[in-house]
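Visitor: Below are the sequence and a predicted model; questions follow.
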Amino acid sequence: MTRQFARFGGAAMAAALLVLTACNASGDKPASGSDAKNWTEFRDNFLAGYFPLNPNFAVYQGKHEFDGQLPDWSAEGLQKQIAFLEKTIADAKAFDGKMTDAEKFERDYLVHVAQGQLFFLQDADFPHKNPAYYVGQLDPNVYISRPYADAPTRMKAFIAYAQKVPAAAAQIKANIKLPLPATFVKYGTAGFGGFADYYTGDAKKAFAEVKDPELQKQFDDAAAKAATAMKDLAAYIGSKPGTADGYAIGADNFAKMILTNEAVDTPLDELERIGQADLKRNQDALKAACATYAAGMTITDCMKKMNSDKPADGPVAEARRQLPALRAFIVEKDLVSIPGTEQAKVEESPPYNRQNSAYIDIPGPYEKGLPSVYYISPPDPSWDKATQEAFVPGKKDLLFTSVHEVWPGHFLNFLHANRAESIFGKLFVGYAFAEGWAHYTEEMMWDAGLGNGDPETHIGQLSNALLRDCRFISAIGLHTQGMTVADSEKLFKEQCYQDEGNARQQAARGTYDPLYLNYTMGKLMIRKLRDDWTKGDRTKWKAFHDEFLSYGGPPIPMVRAAMMKEDTPKAVF
């Protein structure tokens, strides 16, 4: 998904961040007394300092007083972000006013938010190593596709943004140290080069209705200069041949990454065993489903058969048909509450943001009445015809992508989060929480009866589950065990039965998104929490789902401690 998370300093990676329960909420209803007011001031002061340092994040949340602004990525600007986060962590830990349980929960979550971002800034040093740190933060889609204001107003905001792109590009160019891993080179050249085309292409078309000649002239001038700067940056990224390695963050950093971002302290060898066990569980289920659906065929041919059932009018049209039926299924089975009446649109993803086959862009909590957009990517035109055709998902594969992105995945998650009483719940929805929930819902929907036991539908669900299992294993392998990109690609094809295009795309993503193990890691923690909380009683699923979503998006071990009345957050699988 792509609503700008407060991770990687705000980068959206399909990309990398509390709702409190009503009885514990302190957001709009601070407890009486000066001590509670002091925590509210602390929290509000944090946000007042955070938004100006991350104006792109603020805009995506609907704070349009920051329209047109970009972060300061100079050496001084990066150091200012680091100092702000370090001070936030120290001050939050030292805060000694009287606090309610809800306020302590907010404080602990705030510390995780800051520690997680500090990790990518400082320990992983992504601003100097990883183009993905910047691509999401440069995304101008909010001005183009979100009708938060009239076209001239949004056009002026885009012009202001475009005018700042050349300086930002110069900062990025000064920061990124060459040579880069080959996968980073491809990602960076495609991302930055895609922006260049977007500024003068789709962005220009989006404002064609504005009949102000002076504004159009300003747009053309700013867009042309921004495009030139992005082309220059893309050329710089590609100016030295990419290396075969250099992407691994190392075992110590990997362990610190999942601890600071997700409160998971599970040893990496144990974590890998957990992932391998889930892979085998899903492989066994796939074999059983294929024995019915494609008797006598190999697993690979069974998957090809499922994926050959493609929508004649394309995946966008098919997804538009799927969403109403999925929503109706949730209501019929009474699986989880659906707050509000919002719906999600379905569109083809823009050229600069096609590193994932699908994602959803969800308006932030400060926006009112705006649609979310579920984007589906076409295949890479540089691929051969067979690879392009295989990349287009079969109907049942796409069905569980629609579950993941919309009903009851990301879209429903944020319907709950955007209604949180705590502002933290609205703003900081974590990677493992968001992706873990969305992935968890795929298997949950199948278990609840989606498809009425149809083996082709089950294979569609398992295809998505296996994809995430291979992400989990690849993340650990690529970053801690010397796994090569070719090894990862082979894993996706041979162990998780992914087509050539998806395998290539996913292996590459693992190099620049080491947290993409969060899909399976989050799913397994949620499923275990559900089983422990409900004690196996399926009639309690809705109550569990509603309470789980009421927390918005903190590290899942924190949610477990709150829901299970445990003293210390811990990761349980």
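Guide: Done, it's in.
Visitor: Distance check, residue 75 against residue 175.
Guide: Counting by C-beta to C-beta, to the nearest Å, the gap from residue 75 to residue 175 is 8 Å. From N, CA and C alone the C-beta is placed, and that goes for glycine too.
Visitor: Among these two, which residue is more densely surrounded?
Guide: Neighbours per residue (other C-beta atoms under 10 Å) separate residue 75 from residue 175, with residue 175 holding more: 18 against 13.
Visitor: residue contacts, the more buried one?
Guide: 73, 75, 78, 127-128 (C-beta atoms under 8 Å, 6 or more residues apart in numbering).
Visitor: likewise residue 147?
Guide: 154, 370.
Visitor: Turn the contacts of residue 175 into JSON lines, columns for secondary structure, distance to residue 342 and pLDDT.
Guide: What follows is the contacts of residue 175, written out as JSON lines (DSSP: H, G, I helix; E, B strand; the rest coil; distance: C-beta to C-beta, whole Å; pLDDT from 0 to 100):
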{"residue": "73", "secondary structure": "coil", "distance to residue 342": "34", "pLDDT": "98"}
{"residue": "75", "secondary structure": "helix", "distance to residue 342": "42", "pLDDT": "98"}
{"residue": "78", "secondary structure": "helix", "distance to residue 342": "37", "pLDDT": "98"}
{"residue": "127", "secondary structure": "helix", "distance to residue 342": "35", "pLDDT": "98"}
{"residue": "128", "secondary structure": "helix", "distance to residue 342": "40", "pLDDT": "98"}
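Visitor: Redo those as TSV? Include distance to residue 456.
Guide: Converted to TSV, those look like this (distance: C-beta to C-beta, whole Å):
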residue	distance to residue 456
73	48
75	55
78	50
127	46
128	47
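Visitor: Among those residues, which one lies nearest to residue 293?
Guide: The shortest approach to residue 293 among those belongs to residue 127, at 47.9 Å (C-beta to C-beta).
Visitor: Spit out the contact partners of residue 467.
Guide: Residue 467 neighbours (C-beta under 8 Å, 6+ apart): 492, 496, 498, 502, 506.
Visitor: repeat that for 10 Å
Guide: 282, 357, 397, 400-401, 439, 492, 496-498, 502-503, 506, 519-520 (C-beta atoms under 10 Å, 6 or more residues apart in numbering).
Visitor: Which of the residues you listed fall in helices?
Guide: 282, 397, 400-401, 439, 492, 502-503, 506, 519-520 (DSSP state H).
Visitor: Of those, which is the nearest to residue 45?
Guide: residue 519 (34.4 Å).
Visitor: tell me the contacts of residue 335?
Guide: 329, 407-408, 412, 441, 444-445, 448-450, 541-542, 545-546.
Visitor: In JSON lines, list the residues you listed along with neighbour count and secondary structure.
Guide: Shown next, in JSON lines, are those (neighbours: other C-beta atoms under 10 Å; DSSP: H, G, I helix; E, B strand; the rest coil):
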{"residue": "329", "neighbour count": "18", "secondary structure": "helix"}
{"residue": "407", "neighbour count": "27", "secondary structure": "coil"}
{"residue": "408", "neighbour count": "27", "secondary structure": "coil"}
{"residue": "412", "neighbour count": "25", "secondary structure": "helix"}
{"residue": "441", "neighbour count": "28", "secondary structure": "helix"}
{"residue": "444", "neighbour count": "21", "secondary structure": "helix"}
{"residue": "445", "neighbour count": "25", "secondary structure": "helix"}
{"residue": "448", "neighbour count": "16", "secondary structure": "coil"}
{"residue": "449", "neighbour count": "12", "secondary structure": "coil"}
{"residue": "450", "neighbour count": "24", "secondary structure": "coil"}
{"residue": "541", "neighbour count": "19", "secondary structure": "helix"}
{"residue": "542", "neighbour count": "15", "secondary structure": "helix"}
{"residue": "545", "neighbour count": "23", "secondary structure": "helix"}
{"residue": "546", "neighbour count": "15", "secondary structure": "helix"}
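Visitor: Nothing else from me, thank you.
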